[in-house]
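Q: Just to be clear, the model below is a prediction. Sequence and coordinates:
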Amino acid sequence: MNEQPLMGFAEIHPGLKPKEALEESNRCLYCYDAPCVKACPTGIDIPGFIRRIATGNLAGAARVIMEANPVGATCARVCPTEELCEGACVLNKASRPIAIGLLQRYATDAAAKRGGLVVKPGPANGRRVAVIGSGPAGLSAARELARLGYAVTVFEAKEKAGGLSAYGIVSFRLPQEVPEWEVGQIRDMGVEIRTGVRVGTDIPADRLVRDYDAVVLAAGMGKVPMLGIEGEELEGVHDAIELIEAIKTGSAPAGFKGARVAVIGAGNTAIDAATCSTRLGAANVKIVYRRTENEMTAYAFEYRFAKEEGVEFRWLTAPKRIIGDASGRVTHLECVRMRLAEAGKDGRPVPVPIEGSEFRMQVDIVIKAIGQTRHLPLIEALGIAHERGVVTVDPETFRTSHPKIYAAGDIVFGQGQGEATVVSAAEQGKRAAYAIHRALQQAAAESA
C-alpha cells in the first residue's frame, strides 16, 4: 500500500482484544433458526462463526464468514449492524445484543494477519465470465464464479481495485488495507483484475459480450451531479465523492483548516464529507438538507457520529446560489427555507420553498453530496434496458434485458429498487454468479 492515512484519519474504533472476543463470543446463545442470520443479507452463519471464536478456531470462523460474504472484512466495519444482525439479536430484549460486527472483524483481521487463502477456487470448467467494476458487487460475483470454476476477468476503470471500499468510504471507518486484502484474496484465486481499463473507451463493450460466456455489470455510480444553481464553478466548491477519494488516497485538498463548510445533502456520503471536514480542521461544518431529520437517508449511527464530531444540521433548508468574491472564491451560500408538502411518487414528502425566506450563510467551502450520476454511456453501449440510468434486472436472477448480461450493486439501485449497502451489493453479486452458472449449465444440457 503506497498511500499513508492523513493525520486524524486513523481507524476510530479499536478491535477486540483476545480476552474481550472470548467473553463476547461466550455470551452468544447460538440460537436455532437464528434471527441474526435471517437479518444478514448474505446469510452468514453467525452463531457458527461465533462458536468457532469461542473455541479458539479463528481460521474456521473466518472461513464461515468469507464463504458467505466475499467482502466480509469490509462489512464487519461498515455494515449497519444495529439495523441488521445485531438489531435482530434476541438479547436485545434482555441486555445488549452480541457485538457481531466486532467479532466478525476480529476473525477476519486474524485471517488477514495469518495470510493464505481463506476460500479456494473450484476446478476449471472451461467457461469465461467478464465482470465490469471491482466494487463489492463485482468482487463478490467474481469470487463466487471462481469458486464455481469459471475463468473470470474483472475490468476496473480506476488504477486500484475495490470500488466503493477502496475509494468511497473514509479511512477512519475502513482502513485501506482491508479492501486490499479482500481484493488480494480474490486475485489469488486466479481471478484476473485489469485495472485502468474503461469498458466502452479502452475496450469495446460489445467485445466483452461477444468474447465471454456471460458479463456481470457492476460499475456502481459516478460523480455527484450538478446542483443546477449559480456559483458552482467557484473555487471552494467540491464534489463529495472526489473529496473522499482524495482523502482516501492521502491527497486531501487545501483550505479546510479553520474554514466554514456547508455540505449539501444528508445521505451517508454527506455525513462522510462532513466528518472528513472536521478532521481536516474546519472550524464549523453544517449539513444543509431540504427535508427533515425523519427523511434523511444516512444511517442512524452515521448521524450520531456526525453530531459527536460537532457537525451542525440545518433542516428544511435548500441552497439557492453560491456567492463568491472578486477573486472567484466562495464567501456565502444563499439558501431558502422549505416546508414539506404531500408525499410524491417515492413516498417521501415533497419540499416546497417558502416565499421570501431567503437568507445567506457565511461559508468558505461548499461540498455537494446530493447523490451520484449514472453510467449512461456504458449502459447504452451494452444495449440493455434501464430507467433513467437504473439498470432493469430480474429481481431473482439479476439478469438484464440482454440474455448474456447480468447486473448488480449500485448500478441497479434506485427508483425504489434495491438497497445501497455494501452487504446488499455483495449478496447481489453472489446471486448473479449463481444465476449465470444455472443458465450456462442449462444451456449446455439442452445442447448436449
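A: Good, I have the coordinates.

Q: okay, CA-based contacts and neighbour counts for the rest of this
A: Fine.

Q: Please work out how many residues are found near G356.
A: 8 (other CA atoms under 10 Å).

Q: where's it, which helix or strand?
A: Counting by DSSP states H and E, no helix or strand carries G356.

Q: Tell me which stretches of the stretch 151-300 of the chain form strands.
A: Ranges of strands within the stretch 151-300 of the chain are 151-156, 192-195, 214-217, 237-239, 260-264, 284-288, based on DSSP state E, counting those that start in this stretch.

Q: residue ranges with poor pLDDT in this protein?
A: Low-confidence segments of the chain (pLDDT under 70): 1-8, 415-420.

Q: could you redo the last one with a cut-off of 80?
A: Flagging of the chain using pLDDT under 80 yields the residue ranges 1-10, 344-347, 414-420, 448.

Q: Quick check: can you list the domain ranges of it?
A: With domains defined by automatic domain parsing, the chain comprises 18-114, 128-222+374-447, 237-368.

Q: and among these, the most buried is which?
A: Comparing the domains of the chain by mean neighbour count (mean count of other CA atoms under 10 Å), domain 128-222+374-447 ranks first with a mean of 21.

Q: chain center to that one, what's the gap?
A: 14 Å (CA atoms, centre = their mean, to the nearest Å).

Q: Quick check, G43 in contact with A68.
A: Yes: contact criterion CA atoms under 8 Å: G43 and A68 qualify, at 6.5 Å.

Q: The stretch 201-350 of the chain: helices as residue ranges?
A: Assigned by DSSP state H, counting those that start in this stretch, the stretch 201-350 of the chain shows helices spanning 205-211, 240-248, 268-279, 300-308.

Q: Serialize the ones you listed to CSV and add fields for distance to R399.
A: Shown next, in CSV, are the helices of the stretch 201-350 of the chain (distance: least, CA to CA, whole Å):
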stretch, distance to R399
helix 205-211, 14
helix 240-248, 29
helix 268-279, 28
helix 300-308, 33
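
Q: if I pick D410, what's in contact with it?
A: With contact taken as CA atoms under 8 Å, 6 or more residues apart in numbering, D410 is in contact with 218-221, 420, 425.

Q: Quick check: the gap between it and S357.
A: D410 sits 36 Å away from S357, going by CA to CA, to the nearest Å.

Q: cool, V170 as well?
A: 35 Å.

Q: In this protein, which helix is the longest?
A: Longest helix of the chain, by residue count under DSSP state H: helix 422-447.

Q: From the contact counts, what lies against the top strand by length along the chain?
A: Longest strand of the chain, by residue count under DSSP state E: strand 330-343. With contacts taken as 3 or more CA pairs under 8 Å, 6 or more residues apart in numbering; DSSP states H and E, strand 330-343 sits against strand 317-324, strand 349-353, strand 359-362, strand 365-368.

Q: how distant is it from the center of its chain?
A: The answer for strand 330-343 is 28 Å, by CA atoms, centre = their mean.

Q: Direction included, what does that strand pair up with?
A: Partners of strand 330-343 in the sheet, by DSSP bridges, are strand 317-324 (antiparallel), strand 349-353 (antiparallel), strand 359-362 (antiparallel).

Q: Contacts made by the first one with the rest, please.
A: So the one you mean is strand 317-324. For strand 317-324, the external contacting residues (CA under 8 Å, 6+ apart) are 229-232, 234, 264, 288-291, 330-338.

Q: quick one: that strand to strand 284-288, angle?
A: 130 degrees (axes from the mean of the first three to the mean of the last three CA atoms, to 10 degrees).

Q: between strand 317-324 and strand 260-264, how big is the angle?
A: Strand 317-324 runs at 130 degrees relative to strand 260-264, counting by the same axes, to 10 degrees.

Q: chain center to strand 317-324: distance?
A: With CA atoms, centre = their mean as the basis, strand 317-324 stands 29 Å off its chain's centre.

Q: same deal with stretch 18-25?
A: Between the centre of stretch 18-25 and the centre of its chain there are 29 Å (CA atoms, centre = their mean).

Q: follow-up on the earlier one: quick one, which of the strands of the stretch 151-300 of the chain is nearest to T373?
A: Between T373 and the strands of the stretch 151-300 of the chain, the tightest spacing by CA to CA is seen for strand 237-239, at 11.7 Å.

Q: Which residue ranges of the stretch 51-200 of the chain form helices?
A: 58-68, 72-78, 85-88, 100-114, 136-147, 164-167, 177-187.

Q: So for T297, which of the strands paired with strand 330-343 sits nearest?
A: strand 349-353 (13.3 Å).

Q: contacting residues around the closest one?
A: With CA under 8 Å, 6+ apart as the criterion, strand 349-353 contacts 290-291, 316, 336-344.

Q: Which single one of those is nearest to K404?
A: G344 (35.9 Å).

Q: Look up the closest residue to the closest one, ignoring the ones flanking it.
A: Nearest-residue entry for G344: V350, 6.0 Å, with adjacent residues in sequence omitted and distances by CA to CA, 6 or more residues apart in numbering.

Q: From G265, how far out is that neighbour?
A: Distance, V350 to G265, by CA to CA: 15 Å.

Q: How about F155?
A: Noted for F155: a distance of 31 Å to G265, by CA to CA.

Q: Now for the closest residue to K430 other than its chain neighbours: which residues touch it?
A: Nearest residue to K430 in three dimensions, chain neighbours excluded: A141, at 5.0 Å (CA to CA, 6+ apart). By CA under 8 Å, 6+ apart, the contact list for A141 reads 131, 216, 426, 428-433.

Q: Closest one of these to I379?
A: Closest approach to I379 among the contacts of A141 (CA to CA): V216, at 12.0 Å.

Q: Go ahead and confirm that closest one touches R128.
A: No: using CA under 8 Å, V216 is not in contact with R128; the gap is 11.4 Å.

Q: tell me the contacts of A426?
A: A426 neighbours (CA under 8 Å, 6+ apart): 42, 69-71, 136-141, 409.

Q: got the residues you listed as JSON lines, with distance to M189 columns?
A: Converted to JSON lines, the contacts of A426 look like this (distance: CA to CA, whole Å):
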{"residue": "T42", "distance to M189": "20"}
{"residue": "N69", "distance to M189": "15"}
{"residue": "P70", "distance to M189": "12"}
{"residue": "V71", "distance to M189": "14"}
{"residue": "P136", "distance to M189": "16"}
{"residue": "A137", "distance to M189": "17"}
{"residue": "G138", "distance to M189": "15"}
{"residue": "L139", "distance to M189": "12"}
{"residue": "S140", "distance to M189": "13"}
{"residue": "A141", "distance to M189": "13"}
{"residue": "G409", "distance to M189": "22"}
